[in-house]
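[1] after the sequence you'll find the predicted model.
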Amino acid sequence: MIQERGKVYLVGAGPGDVAYLTVKAYNLLATAQVLIYDALVDAQLLQCVPPDCLKLDVGKRGGKPSTTQAQINKLLVKHCQQGKQVVRLKSGDPLIFGRCTSEIEALKASGCDFELVPGISSALAAPLLAGIPLTDPVLSRTFAVFTAHEPEVLDWEALSRLETLVILMGGQHLPEIVHQLVRHGRSHLTPIAIIRWAGTPDQQIWIGQLGNILEQTTELSLSPAVIVIGEVVGLRKYLQPENIYLDEIIRHSQPEPGSESTPTPQPMLSNFPPSPSSPSSPLPLTGKTILVTRSVGQSSQFSDRLIASGATVIEMPTLVIGPPSSWEALDNAIAHLSDFDWLILTSTNGIDYFFERLIAQGKDTRALAGVKIAVVGEKTAHSLKQRSLQADFIPPSFIADSLVEDFPDKLDGKKILFPRVESGGREVLVKELTAKGAKVIEVAAYQSCCPNGIPPVAELALQNRKVDVITFASSKTVQFFCQLTDKICSNNSDASQFLEGVCIASIGPQTSKTCHALFGRVDVEAQEYTLDGLTQALITWARNY
């Protein structure tokens, strides 16, 4: 019997959270027979390997017993020569301060097959996650990345002249870093950011200046941390989401004009929860992992709202939007637009596909002259406005159910065009309009289908009970969520196994109705049936939880 040839994959794990793992890295973990990992690798990544995978912790931490590099090299060679598929998992990127050279030399000397798999380095990810750009056309045309593990060997005179510095392994040597930079000409007013545990639920950020950062962080543990020094740190406040809850954030104090005193800004929290040592209050959704069900390719503005409120967000597309099976009915209606009194649009998808076909027929918005437009939902109205059209009527409560009740015209004898989803649309709305005497022409404008599968990150979070909240913004997302999760359920079980202890959050009554039918409950319902309303409902829930 010929023994299978082993192989070692030197894999970058990224900054921490499984969401930042590359697809290739995830697939390698899913088939690994041996996992040899570092101390800074996030624990949730260890759940990506098969149950029978041999897991070996060889992490090096200062002041604690550690596996020597020689021992690590021997482990890699040993398991590879036994024909195993070995994943050597390193935080960040394997070739950035990762001691890979020694391991590669040992593998080559023993004739072992190996492959390098890149990862996202914390040197790049941490500033980005903190909202700090490393380059700027004016403030930073270059940046340098270096380790301060041995500050005495660095050329501080040269480094101090660079616009932006990114420092790894510098938490324990922060006093020396500050001393050397100021000594070699950097102003004590130079902005500095310290980002601890970047990309994890424990991420913390301290913002200050070289002159006061030591006072802010005295007696605090700063490892593992990425330190950013330069004027670009000051751009962070301009790059935060506009709707971030400013009352939850401690503002920086600014010096009086002409003052020579050094301001002492307080630590500013990131979008992730602080550790108990943090001196400021967390954001309202801090510590909550929220699974957002949405359409494939849909804007992630809702996720951005949740992140700005402190949540960790995992996106799970549950809808694929595409053209209907036939354009014939919609095209025919567009050809006779002047026959209609009203056009009703209930979604941004309906707007997109309606105007796509309008343009395909060589027409533009002038073809709607004399036709009034009613839209359901604030987002739908905004989408219409982006096409330079103003809705003639928007139901006051943002839902289709109130459209008939508050309709501004007498409906008797009115001819209404209703472009809608091909299947599973608003039958109640059509029925009520018809009962009031309107003639409603329904045409398929688009179709919504269930995706083929669940993203690995979402599947892993559900299976490992890492989700606190699941949000639903339509009945279809509820239905397709059930279809998708049923595919990954074990025998004789259903999607309900993933919902134990999980808050089910709905955007409005129709979605809640479907949740009750399929899950038996709804825990949070938005009072205003919009994504902003759903965000606010979750914040209220979290504060009372």
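    Looks like it arrived, so ask away.

[2] ok, residue 388 touching residue 364?
    No. Applying C-beta atoms under 8 Å, one finds residue 388 not in contact with residue 364, separated by 10.0 Å. Just so you know, the C-beta spots here come from the backbone N, C-alpha and C atoms, and that holds for glycine as well.

[3] in the stretch 51-200 of the chain, where is pLDDT below threshold?
    Counting by pLDDT under 70, the stretch 51-200 of the chain contains low-confidence ranges at 60-65.

[4] what about the strands in it?
    Here the stretch 51-200 of the chain has its strands, by DSSP state E, counting those that start in this stretch, at 54-57, 85-90, 113-117, 143-147, 164-168, 191-196.

[5] point out the most buried one among those.
    Sort the strands of the stretch 51-200 of the chain by mean neighbour count, taking mean count of other C-beta atoms under 10 Å, and strand 85-90 sits at the top with a mean of 26.

[6] picking up where we left off before, minimum distance to residue 463: which of the strands of the stretch 51-200 of the chain has it?
    The minimum distance between residue 463 and the strands of the stretch 51-200 of the chain falls on strand 54-57, with 17.7 Å, by C-beta to C-beta.

[7] ok, which of the strands of the stretch 51-200 of the chain comes nearest residue 332?
    Using C-beta to C-beta as the measure, strand 113-117 is the one of the strands of the stretch 51-200 of the chain that comes nearest residue 332, at 53.8 Å.

[8] including distance to residue 132, could the strands of the stretch 51-200 of the chain go into a markdown table?
    Shown next, in a markdown table, are the strands of the stretch 51-200 of the chain (distance: least, C-beta to C-beta, whole Å):
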| stretch | distance to residue 132 |
| --- | --- |
| strand 54-57 | 32 |
| strand 85-90 | 24 |
| strand 113-117 | 27 |
| strand 143-147 | 11 |
| strand 164-168 | 9 |
| strand 191-196 | 6 |
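
[9] tell me which of those approaches residue 125 most closely.
    Closest to residue 125 of the strands of the stretch 51-200 of the chain, according to C-beta to C-beta: strand 191-196, at 9.3 Å.

[10] next one: the closest one to chain centre, how far?
    What separates the centre of strand 191-196 from the centre of its chain is 22 Å, taken as C-alpha atoms, centre = their mean, to the nearest Å.

[11] dump it to PDB, restricted to CA.
    This file holds the C-alpha atoms of strand 191-196, laid out as PDB (Å, rounded to 0.1, in the frame of the first residue of the first chain):
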ATOM      1  CA  PRO A 191      -1.600  61.900  16.800                       C
ATOM      2  CA  ILE A 192      -1.400  58.300  17.900                       C
ATOM      3  CA  ALA A 193      -3.800  55.400  18.000                       C
ATOM      4  CA  ILE A 194      -3.400  52.100  19.800                       C
ATOM      5  CA  ILE A 195      -5.700  49.300  18.600                       C
ATOM      6  CA  ARG A 196      -5.800  46.300  20.900                       C
END
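
[12] just checking, what packs against the following helix or strand past that strand?
    Along the chain past strand 191-196, the next helix or strand (assigned with DSSP states H and E) turns out to be strand 204-209. Contacts defined by 3 or more C-beta pairs under 8 Å, 6 or more residues apart in numbering; DSSP states H and E place strand 204-209 against strand 191-196, helix 213-217.

[13] for the first one, packing partners?
    For strand 191-196, the packing partners by 3+ C-beta pairs under 8 Å, 6+ apart come out as helix 122-129, strand 204-209, helix 213-217, strand 225-229.
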